[in-house]
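**Q** quick one, what's the 3D model for this:
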Amino acid sequence: MWVESLRNVSEIRRENALVSNCRWIEEWTVFAPLISELALLTILLITVGVLYLMRTKVLDEPGINQPANSQGALLQGTNVMVYDSSDLAVATNNFLLANKIGHGGFGNVYKGVLENGVEIAVKKQDVTSRQGFTEFENEFKFIAELQHCNLTKLLGYCINGAEKFLVYEFMADNSLDKVIFGMTS
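**A** As a prediction, the model looks like this:
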């Protein structure tokens, strides 16, 4: 004989639904920290990547890839001049292709004549060159300190925004390897 009260079938269904919801919540609490950690790590990696790209892009913009006092800093302890880019353009006839006397990793080298009649060789950084200001500064300082009878003398430099120039005394016999080894082009 049954002593307890009869239960409504709809109540039993509701209790089973609550129990199955509780199981889903228990499973979710196990995975929630893992998912949130992965999301946080992804956001962090994206942020670092964006900041890196922005930094490299900003450093490549004209006028930003050089320190504000770069002209004075480069001149310290050297015996070279700072040239104006317009003077170098006039000296090389606007970097006319006929005045091109060489090419290297830095860019093209042009023959020019300054207003005072001094013949010069102007190394103009190529726009495709990956050389930044630090490399330019290192090359400048290294060459400015070298003095040898078989090396052409660095007379000066010019920095005009992203454009960089090195100005050397002109070597009349074209290049040292041709003088030493008698090479012809």
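**Q** and the chain, what are its domains?
**A** Domains of the chain are assigned by automatic domain parsing as 1-60, 70-181.
**Q** which of the ones you listed has the lowest mean pLDDT?
**A** Ranked by mean pLDDT, the domains of the chain bottom out at domain 1-60, which scores a mean of 71.
**Q** okay, and the nearest residue to residue 79 once chain neighbours are set aside sits in which element?
**A** Leaving out its chain neighbours, the residue that sits closest to residue 79 by CB to CB, 6 or more residues apart in numbering is residue 144, at 7.4 Å. Every C-beta, even on glycine, is put in place using the N, C-alpha and C of the backbone. Here residue 144 is covered by helix 133-145, with elements defined by DSSP states H and E.
**Q** follow-up on the earlier one: the residue nearest to residue 79 and residue 96, how far apart?
**A** The spacing between residue 144 and residue 96, counted by CB to CB, to the nearest Å, is 27 Å.
**Q** quick one: residues contacting residue 172.
**A** Applying CB atoms under 8 Å, 6 or more residues apart in numbering to residue 172 gives the contacts residue 119.
**Q** same question for residue 166.
**A** 106, 122-123, 139-140, 143, 154, 157.
**Q** got phi/psi on the closest residue to residue 95 other than its chain neighbours?
**A** Nearest residue to residue 95, sequence neighbours excluded (CB to CB, 6+ apart): residue 110, at 5.4 Å. Dihedral pair for residue 110: phi -120, psi 140, per degrees, to the nearest 10.
**Q** please, where are all the helices along the protein?
**A** Assigned by DSSP state H, the chain shows helices spanning 9-60, 70-75, 85-91, 133-145, 176-181.
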